[in-house]
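Chemist: Mind folding the following:
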Amino acid sequence: MTKTLYERLGGKEGITLIVDDTVAAHMNNPAVSARFLPYHEQPKRLAVIKQHTVDFFCAGSGGPEAYSGKDMITTHTGMNISPSEYLHVIDDIFLALDKNSVSEESKKDVLAILWSLKDMIIAK
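Modeler: Below you'll find the model as predicted:
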């Protein structure tokens with residue numbers, strides 16, 4: 001039986017590690033860090049954002065968790081995220097996937113999901 005993407009990413013525990021590593025990469029990526037560094041001063045807000053992100057990826061990858069956050073368009077409206085910033089974010093996610101030894105097959109599935117979301121995120 002084929003494992004779901006959720007299972008291949010390590011379930012909620014694995015996805016939580018990937019999200020933590022991704023946010024850390026964003027903080028150190030000069031192309032997007034200006035959007036994330038202010039959250040150092042707002043740890044409770046950052047924890048909420050991370051939890052929404054974990055729930056979003058868990059639900060979207062076939063896990064049992066429910067996502068109760070805003071939809072992608074509402075979340076990103078007014079942020080004016082450029083195509084370049086979006087690609088840097090994808091690079092950071094892939095660094096985190098590599099750090100967590102995610103398989104090439106799973107990385108392709110994650111990329112397909114991220115690419116399907118781009119029109120809901122870029123230039124909103």
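Chemist: Show me how far the helix or strand containing residue 116 is from its chain's centre.
Modeler: Taking DSSP states H and E as the definition, residue 116 sits inside helix 104-121. Put simply, helix 104-121 sits 10 Å off its chain's centre (C-alpha atoms, centre = their mean, to the nearest Å).
Chemist: Repeat that for stretch 43-52.
Modeler: Chain-centre distance of stretch 43-52: 13 Å, with C-alpha atoms, centre = their mean.
Chemist: Name the nearest residue to residue 64, sequence neighbours excluded.
Modeler: residue 58 (7.7 Å; C-beta to C-beta, 6 or more residues apart in numbering). In short, each C-beta sits where N, CA and C put it, glycine included.
Chemist: and the gap between that neighbour and residue 78?
Modeler: Distance, residue 58 to residue 78, by C-beta to C-beta, to the nearest Å: 26 Å.
Chemist: again with residue 71
Modeler: Going from residue 71 to residue 78 by C-beta to C-beta gives 14 Å.
Chemist: Please apply the same query to residue 116.
Modeler: 22 Å.
Chemist: neighbour count winner among those two?
Modeler: residue 116 (11 against 8; other C-beta atoms under 10 Å).
Chemist: how close does the more buried one get to residue 52?
Modeler: According to C-beta to C-beta, residue 116 stands 18 Å off from residue 52.
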